[in-house]
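Undergrad: no letters, just coordinates:
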């Protein structure tokens, strides 16, 4: 089952999803949900402040995305010894933030939230509730 939800009215609101006292963001299989959403949205594997992450933020909070982002290719050794993150990635991003778009972010958000909601439904269906 696939769920599509129009979240346009919530675009300027932070999104929080809680289930059974803990957020869906910290579930053991969160990374897999994130990867599936990236793939469904046609975005590359995420690094940091790149096309995917930047597009998601641009869709949710566009004022947080600065103009003219600088691409920073990721070296073979992602975190070279003896160098700080700032030295290795002076712009603060890794990858290709020049490809950020609100449209991509909106698609990614829809895919991501659909998968999270699907996961929550599965979790609730698997819980046995007893009366005592």
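TA: In hand now; what should we look at? These figures come from a predicted structure and were not determined experimentally. Numbers count the residues shown, from 1 in each chain.
Undergrad: buried ones in stretch 53-63, by neighbour count?
TA: Buried residues in stretch 53-63, counted by 16 or more other CB atoms under 10 Å: 53-60. The way it works is simple: take the backbone N, C-alpha and C, and place the C-beta from them, glycine included.
Undergrad: quick one: contacts for residue 52?
TA: Neighbouring residues of residue 52 by CB atoms under 8 Å, 6 or more residues apart in numbering: 38, 41, 43-46, 104, 108.
Undergrad: can I get the residues you listed in a markdown table including neighbour count, secondary structure and distance to residue 87?
TA: Shown next, in a markdown table, are the contacts of residue 52 (neighbours: other CB atoms under 10 Å; DSSP: H, G, I helix; E, B strand; the rest coil; distance: CB to CB, whole Å):
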| residue | neighbour count | secondary structure | distance to residue 87 |
| --- | --- | --- | --- |
| 38 | 20 | helix | 28 |
| 41 | 19 | helix | 32 |
| 43 | 21 | coil | 28 |
| 44 | 13 | coil | 24 |
| 45 | 11 | coil | 24 |
| 46 | 19 | coil | 22 |
| 104 | 20 | helix | 29 |
| 108 | 24 | helix | 30 |
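Undergrad: quick one: pLDDT of the residue nearest to the spatial centre of the chain?
TA: Geometric centre of the chain, nearest residue: residue 53, 5.6 Å, by CA atoms, centre = their mean. Among the per-residue scores, residue 53 shows a pLDDT of 91.
Undergrad: after the host helix or strand of it, which helix or strand is next? Please name it.
TA: Using DSSP states H and E, residue 53 sits within helix 51-60. Sequence order places helix 85-88 as the next helix or strand after helix 51-60, per DSSP H and E.
Undergrad: buried ones in the helix or strand containing residue 37?
TA: Using DSSP H and E, residue 37 sits in helix 30-41. Using 16+ other CB under 10 Å as the test for burial, helix 30-41 gives 33-34, 36-38, 40-41.
Undergrad: what's it in contact with?
TA: Here helix 30-41 has contacts from 24, 27, 44-46, 52, 104, 107-108, 111-112, 114-116, 119, using CB under 8 Å, 6+ apart.
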